[in-house]
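[1] Quick check, what structure comes out for this input:
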Amino acid sequence: MSRHAFVFVGGADATLEDLAAVGAKALGGSFAPDADGTLVLVTCGGAVAVNLSRHGFRDDPEADDDFPCYEAHPYWFEVRDLDKNYARQMEVARSVFDAVVRAGRWRAFLTDDLQTLEAVYTPERGLTE
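    Numbering: from 1, shown residues only. Model (predicted):
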């Protein structure tokens, strides 16, 4: 089983179009819809795929973790290194996360395989790592 990196994003004015523009600029490419409508950008010479869509996660009211609420962050960038180069995968995910932070408009958090919270950003509180 492979692991992925994720950048979750939320905010009242967050749209797929705006997030695709921010992610595409950070990665030097463009997102295009695949067969199921998910936006995909392939980078690093075809070795890394970045999907952008809404996710279906719901918050677990009994969870005892430090993760921000999934429901407050309805969009996600899913980053998959097809060669399983996890360092490169996290570099790409971090590039997307940093671009969202620079935009300064939305809440975001970065995870490694939904297991490790790497960083959190809110416009009100700034960046926490």
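[2] Tell me how far the helix ranked longest in the chain lies from the chain's centre.
    Ordering each helix of the chain by length in residues (DSSP state H) puts helix 86-103 first. Here helix 86-103 shows a centroid-to-chain-centroid distance of 8 Å under the convention CA atoms, centre = their mean, to the nearest Å.
[3] after it, next one along is what?
    Going down the chain from helix 86-103, the next helix or strand is strand 107-112, by DSSP states H and E.
[4] what number of residues lie near A12?
    Per other CB atoms under 10 Å, the neighbour tally for A12 reads 6. Heads up, the C-betas are built off the backbone N, CA and C, glycines and all.
[5] Okay, it and H73: tell me how far apart.
    Look at A12 and H73: by CB to CB, to the nearest Å, they are 12 Å apart.
[6] average pLDDT across the longest helix of the chain?
    Averaged across helix 86-103, pLDDT comes to 96.
[7] Check which helices and strands it sits against.
    Using 3 or more CB pairs under 8 Å, 6 or more residues apart in numbering; DSSP states H and E, the elements in contact with helix 86-103 are strand 5-10, helix 16-27, strand 48-54, strand 75-81, strand 107-112, strand 116-122.
[8] try 10 Å this time
    In this structure, helix 86-103 packs against strand 5-10, helix 16-27, strand 39-43, strand 48-54, strand 75-81, strand 107-112, strand 116-122, strand 126-128, with contacts taken as 3 or more CB pairs under 10 Å, 6 or more residues apart in numbering; DSSP states H and E.
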